[in-house]
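# Provide a 3D model corresponding to the input given below.
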Amino acid sequence: MPGLIRGVARTAVVAGTATAVSNRVSRRQAGRWAQQDQAAAYRDPPPAAAPGSTDDTIAQLQKLGALKEQGVLTEAEFATQKAKILGT
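Model prediction:
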């Protein structure tokens, strides 16, 4: 009987360790995927408004100007985003 209990206890420890390691790996991988998604969203901004949509273009330029005035954007960032909005 003591051998049986020892075997069951060993199995429980191995199974518990395997579960803990598996959960940790899953959480770490999910975190990496989330970081990659955030990086991709930052690198690939949504496309600019379609030509002819002057109200949207004006609104985007006003928001961009406000960000520049607040010091959120540098002059170079402002110029880059402005060119994207205007499609030039």
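# quick one, phi psi at Gly87?
phi 80, psi 30 (degrees, to the nearest 10).
# tell me which element the most centrally placed residue in the chain is part of?
Nearest to the geometric centre of the chain sits Gln38, at 1.8 Å (C-alpha atoms, centre = their mean). Assigned by DSSP states H and E, Gln38 belongs to helix 2-43.
# please compute how far that helix lies from its chain's middle.
Centroid displacement of helix 2-43 relative to its chain, using C-alpha atoms, centre = their mean, to the nearest Å, is 22 Å.
# can you tell me which helices and strands that helix packs against?
Judged by 3 or more C-beta pairs under 8 Å, 6 or more residues apart in numbering; DSSP states H and E, helix 2-43 is in contact with no other helix or strand. The C-beta positions use only the backbone N, C-alpha and C, and glycine is treated the same way.
# do me a favour and average the pLDDT over it.
The average pLDDT within helix 2-43 is 82.
# show me what the helix or strand following that helix is packed up against.
For helix 2-43, the following helix or strand on the C-terminal side (DSSP H and E) is helix 54-69. Here helix 54-69 touches helix 75-86, going by 3+ C-beta pairs under 8 Å, 6+ apart.
# and the helix it packs on, which residues are buried?
Within helix 75-86, the residues that count as buried by 16 or more other C-beta atoms under 10 Å are Phe78, Gln81, Lys82, Lys84, Ile85.
# what's the closest of those to Asp56?
Ile85 (9.1 Å; C-beta to C-beta).
# what pLDDT does that closest one get?
You'll see Ile85 listed with a pLDDT of 86.
# distance check, it against Ser53.
According to C-beta to C-beta, to the nearest Å, Ile85 and Ser53 sit 11 Å apart.
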